[in-house]
Structures are given as structure tokens and as C-alpha cells.
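Colleague: need a structure here:
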Amino acid sequence: MHYYQHHIGDFIKDTSFLTNEEVGIYLKLLWIYYDTEQALPNSLFELSMKVNARDQQQVLNGILDMFFTLENNEWHHRRCDKEIDHYHLQIETASKAGKASALKRALNKESTGVEQAFNGRSTDVQPTMNHEPITNNHIKESKDSLSAGLPTCPHQDILNLYKKHLPQLAQPRVWDGVRQTNLRQRWLQAAKPSVFSPQGYATQSDGLAWWDSFFNYIANDTKLANGFETKDRTWRPDLVWIVNATNFAKIIDGKYQK
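Modeller: This is a model prediction of the structure:
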């Protein structure tokens, strides 16, 4: 997300007892949350580096305990999750409205073309039984071609492929909300022909083959499979982290390649 609603009155009321420096740390945590569109990792070292509070880990830990909730080893913020879900709902709604509008225009154009063809034919030559009749099949074919696209993202199949190649990483117990939205967006992103996906894919089987190869790449050709040693612990990614837009791009760019 590049934008979120900041309710000044609520924020001032909730943070009136914090120092200016503590407010700055809290704001940076919120910005990271919205920018990555996912919960914060449960690592004081990693977060202290990201918000430039290396020597204030105790303060950072207090802010996390006060404003966030630890769930499945991730720091969640109720307001952030709500705004992110609303943001993705707006995107999906706008996308559906755009597709419906494009389909309507195409059908109107097709219908006009059929009428013009019929009028032109009736002016020049009277139709006979030897002429193939013009039917609504032409319009139906146009509608079907526009509505045809990628199959629904096979979430469970992709989760199974992730577990197959990366069983040592944390396996998600819950897969809904923003998690489903992010995976669905990456599914569509990889389907489009690009530098990292030259042919793209148009079927579910081809798509699953791509994701099978992608997880195999992470497992064998990147440092992510073994994680990274930090001061407090060994950090390892999970599927939620992998399908985040920013992290997905870094993997594709080869940032974590051995």
C-alpha cells in the first residue's frame, strides 16, 4: 500500500503518553506494516534495525506489547489488518467493475457490427435459404473469449507444493484474508509473460508447474531455505513472507541467490 488513512484524533489520543521518540518508532512500525501489507516478524533485532532503534529494543518491545497482538509468531495490528483488507476489497471491486464495463462495450460493438452486416446484406442481396443465418452465437463467442482467463488460484495445491519443497519452514495453519489475496495476486502476476516467466501460463496445470519450479528454486538455489542468523535467533521466511509483493520481487531479482 502506498497510502492509508491516518486518523489524527484517534492517534493522538492513543499515543498521548508516549515521548516524541516513541511515537516515531510506533509510526515506523505502522509504515512497515502498510508497506509490506503483512504482520510484523517476531524479531526485536530485525525490527530494531528497520526502525533505527538498535539501542532501544526494550522500548520497541514495550510498544509491540501495547499496540500489537502476537499471533502465530507474528505481530498483528487490528486497525492495519482492517485497512489492508478494505484496500484489497476496493481493488477487486474496481477490477470487476472494469471488466464488466469492457465486456459491455465489446458486446455492444459486436451487436452493432451484426446489425450493420445484416442491413448491408438485406440492401444488396435478398437472403435465401442458401445463406448461413446470422445468430446470437457470434455475440456469445465474443463474450466467452473475453470472460475466458486463468482458472481460480489453487491455494491448497500451491500450499502442498510449498510443503513439498520447503518442509523445514513454518507451514501456515490458517490461509484466508490478506494471505489469500496476496497469493492470488502473485498467481496472476506470474501468469503474465515476463522476464522471469517468459511463457507465463494460461492453465492451472501449467501454473502449478511454474510454482513447483519456483519453490524448488527457493529450496536449492537461495539462502532462504536455511534462513539467516541474527543476534537473537535464526530467521526463516514462510509462505506469507514469500508471497508478499515486495519479498516476491526480491526473490525474483535474485537477491537471496546463493
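Colleague: so what's the residue sitting nearest the centre point of the chain up against?
Modeller: Closest residue to the average C-alpha location of the chain: residue 182 at 2.5 Å, with C-alpha atoms, centre = their mean. Applying C-beta atoms under 8 Å, 6 or more residues apart in numbering, we find residue 182 in contact with 37, 38, 240, 243, 244, 245. Where you see a C-beta, it was placed from the backbone N, CA and C, and this is true even at glycine.
Colleague: now residue 27
Modeller: Going by C-beta under 8 Å, 6+ apart, residue 27 touches no other residue.
Colleague: give me the pLDDT value at it.
Modeller: Reading off the confidence values, residue 27 has pLDDT 95.
Colleague: show me how far the helix or strand harbouring it is from its chain's centre.
Modeller: Per DSSP states H and E: residue 27 is located in helix 20-36. Helix 20-36 sits 22 Å away from the centroid of its parent chain (C-alpha atoms, centre = their mean, to the nearest Å).
Colleague: that one: which residues count as buried?
Modeller: In terms of neighbour count (16 or more other C-beta atoms under 10 Å), helix 20-36 has its buried residues at 22, 25, 26, 28, 29, 30, 32, 33, 34, 36.
Colleague: circling back: helix, strand, or coil at the residue nearest to the centre of the chain?
Modeller: What DSSP: H, G, I helix; E, B strand; the rest coil gives for residue 182 is helix.
Colleague: of the buried residues of helix 20-36, which is the nearest to residue 66?
Modeller: Closest to residue 66 out of these is residue 26 (8.8 Å), distances taken as C-beta to C-beta.
Colleague: and for that closest one, nearest residue in space, chain neighbours not counted?
Modeller: Closest residue to residue 26 apart from its sequence neighbours, by C-beta to C-beta, 6 or more residues apart in numbering: residue 63 at 5.3 Å.
Colleague: tell me the pLDDT of the one you found.
Modeller: 95.
Colleague: show the contacting residues for it.
Modeller: 18, 22, 25, 26, 29.
Colleague: now the residues you listed in a markdown table, with distance to residue 90?
Modeller: As requested, those are exported to a markdown table (distance: C-beta to C-beta, whole Å):
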| residue | distance to residue 90 |
| --- | --- |
| 18 | 31 |
| 22 | 32 |
| 25 | 30 |
| 26 | 26 |
| 29 | 24 |
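Colleague: just those residues now: which is nearest residue 221?
Modeller: Using C-beta to C-beta, residue 29 is the member of these that lies nearest residue 221, at 32.4 Å.
Colleague: pretty sure that closest one contacts residue 39?
Modeller: No. Contact criterion C-beta atoms under 8 Å: residue 29 and residue 39 do not qualify, at 10.9 Å.
Colleague: which residues does residue 71 contact?
Modeller: Contact partners of residue 71, counting by C-beta under 8 Å, 6+ apart, are residue 39.
Colleague: so what pLDDT did it get?
Modeller: Per-residue confidence (pLDDT) for residue 71: 90.
Colleague: do residue 168 as well
Modeller: As predicted, residue 168 sits at a pLDDT of 93.
Colleague: that one against residue 225, yeah?
Modeller: Yes. Here residue 168 reaches residue 225: they are 7.0 Å apart, a contact under C-beta under 8 Å.
Colleague: sec struct for the residue nearest to residue 26, please.
Modeller: helix.
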